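In: Predicted structure and sequence below. I'll ask about it afterward.
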Amino acid sequence: MSTNLLCEAPTETIRVARFLRPDIREALNYYGHEFDDIARSDLYQELHAAVLGTFPEGGTLILNFGLVEVLTSAFYRLLIRTLADVRAKNGRLLLCCFTDHAHEAFMLMGGSRTFTQVYPTEAKAVSEVRK
Amino acid sequence: MTPPGHNPPPAPGSGRFKSPFTDGTRDDRLAWAELCNLQRRILPQIPPAVPGYRLSFAYRPSFVVTGDYHDFFRRPDGHTAAFIGDGSGHGPAASMLMAIMRTMLHTLDIHCEPGDTLSAADSRFHRLIPPDLFMTGVYLVMRMGGQVSWAAAGHHPPLWLDRRGQLHTPDDLGPVGSVLGLGQEQYQTMNWQLEVGDRILLFTDGLWDARSHAGEPFGRERLKEYFSGTLDHNLGDVVDGLVARVTAHLRGADFEDDFTILGIERVT
């Protein structure tokens, strides 16, 4: 499995995952097609192995989009699935550092209505959690 | 949390699995052809006659079948509504989403104000599909006298070009609600008053997100720029010209996604 994420645990309850490539479509698709279940994608598997599988009860996950330029519907599906996983642990999902392109796609999918905690920088997201 | 299984799907062949009509067995090809034909038969091939308006549309699946969905509805109040939407993903899986949405819009009594229609569709769609799938769409009602109302669910808002050449569209995307299928959205209805000669353009993301070999998308700005300069052309030529413009931008690259375009003009 290729590496698409850099994950850290700054505290016992905070997890930070940074996407490492501008275009991660290969890790979301197979042979150019979306998975029927996005949980079967390499990117979700990677996120699950690094973060979601051991996500603490009541924890916070911060996803950093600073390098992401292409946010497809498959990527958005992964976010929806991740949000459900985090909520199942009574946790919070924060998004940060959107590039202009990714933010445009995010807004066009009504993302700000579903993902209400979006921050310009990772530091601001972390400080919000620590309030 | 149970780790999901990681069972790779069966490899559908080499490359992008673009030619089911030439790969596979004869039975495979016939099955694809039947699916393709069925979808063509259930989708409108020509726009309806709508009093006071002229309509023109184009659509192109990137695969044999498409998640793009366009349709027209004669509402209980006598007005006509258009829906243009896009199921998440491409191909057969996405086509199932559009088929579910089509069934809902044709059989449920949910044709009211556009925002309320999408809220009702969202709620019902949520019960019918897996939680990581969704559909985007715009529902737009054309009333006599040029009153148009619409709501958007995870979908680019309509572009409105008035007869003086001024382009209107919500810049902040504030009226765009969540994608359909999450089951908890209250969508906003927008009302526009068109004058005779004003035009509206609806489209799916396969159009403005079509990418050249270099990965450059056609983009929303090019789309707006093109539409802004089309008042001197008839509506059908505007739609066809947009397809040609995007195709030229691709410079031989394949469309990676389906696209649909619907042009509407107030004529009386």
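Out: Structure received.
In: Return the set of buried residues in the lengthiest helix in chain A.
Out: Criterion DSSP state H: the longest helix present in chain A is helix A:73-88. Of the residues in helix A:73-88, A:73-83, A:85-86 count as buried by neighbour count, 16 or more other CB atoms under 10 Å in any protein chain shown. Bear in mind the C-beta positions are built from the backbone N, C-alpha and C, glycine included.
In: Columns pLDDT and distance to chain B on top of the residues you listed, output as TSV?
Out: Formatted as TSV, these follow (pLDDT from 0 to 100; distance: CB to the nearest CB, whole Å):
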residue	pLDDT	distance to chain B
A:S73	89	5
A:A74	90	7
A:F75	94	11
A:Y76	95	7
A:R77	94	5
A:L78	95	8
A:L79	96	9
A:I80	96	5
A:R81	96	4
A:T82	97	10
A:L83	96	10
A:D85	96	6
A:V86	97	10
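In: State the distance from A:H103 to B:R251.
Out: 27 Å (CB to CB, to the nearest Å).
In: And the two? Which one has more around it.
Out: Comparing A:H103 with B:R251 by neighbour count (other CB atoms under 10 Å in any protein chain shown), the higher total belongs to A:H103, at 19 against 10.
In: and the lowest-mean-pLDDT helix or strand in chain B, how far from the chain's centre?
Out: For chain B, the helix or strand with the lowest mean confidence is helix B:205-208, at a mean of 82 (criterion: mean pLDDT, DSSP states H and E). Here helix B:205-208 is found 9 Å from its chain centre; the criterion is CA atoms, centre = their mean, to the nearest Å.
In: and it, is it in reach of chain A?
Out: Yes: counting by CB under 8 Å from any CB of the partner chain, chain A is contacted by helix B:205-208 at B:D205.
In: Return the list of helices and strands in contact with that helix.
Out: helix B:220-228, strand B:259-266 (3 or more CB pairs under 8 Å, 6 or more residues apart in numbering or on different chains; DSSP states H and E).
In: could you give me the average pLDDT of the shortest one?
Out: Along strand B:259-266, the predicted confidence averages to a pLDDT of 95.
In: now it against helix B:220-228, angle please.
Out: Calculated by axes from the mean of the first three to the mean of the last three CA atoms, to 10 degrees, strand B:259-266 forms an angle of 40 degrees with helix B:220-228.
In: on that earlier part again, just the CA trace of the least confident helix or strand of chain B, in CSV.
Out: Taking Å, rounded to 0.1, in the frame of the first residue of the first chain, the C-alpha atoms of helix B:205-208 are listed here in CSV:
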residue,chain,number,x,y,z
ASP,B,205,-19.6,18.7,-12.9
GLY,B,206,-18.3,16.5,-15.7
LEU,B,207,-18.5,19.6,-17.8
TRP,B,208,-16.5,22.2,-15.9
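In: Chain A: strands as residue ranges?
Out: A:5-8, A:14-19, A:29-30, A:33-34, A:60-64, A:92-96, A:118-119 (DSSP state E).
In: which bits of the stretch 101-250 of chain B sit near chain A?
Out: Residues of the stretch 101-250 of chain B lying near chain A (CB under 8 Å from any CB): B:130-134, B:136, B:152-156, B:173, B:176-179, B:182, B:185, B:205, B:215, B:220.
In: B:D86 - that's part of a strand, no?
Out: Yes: under DSSP: H, G, I helix; E, B strand; the rest coil, B:D86 sits within a strand.
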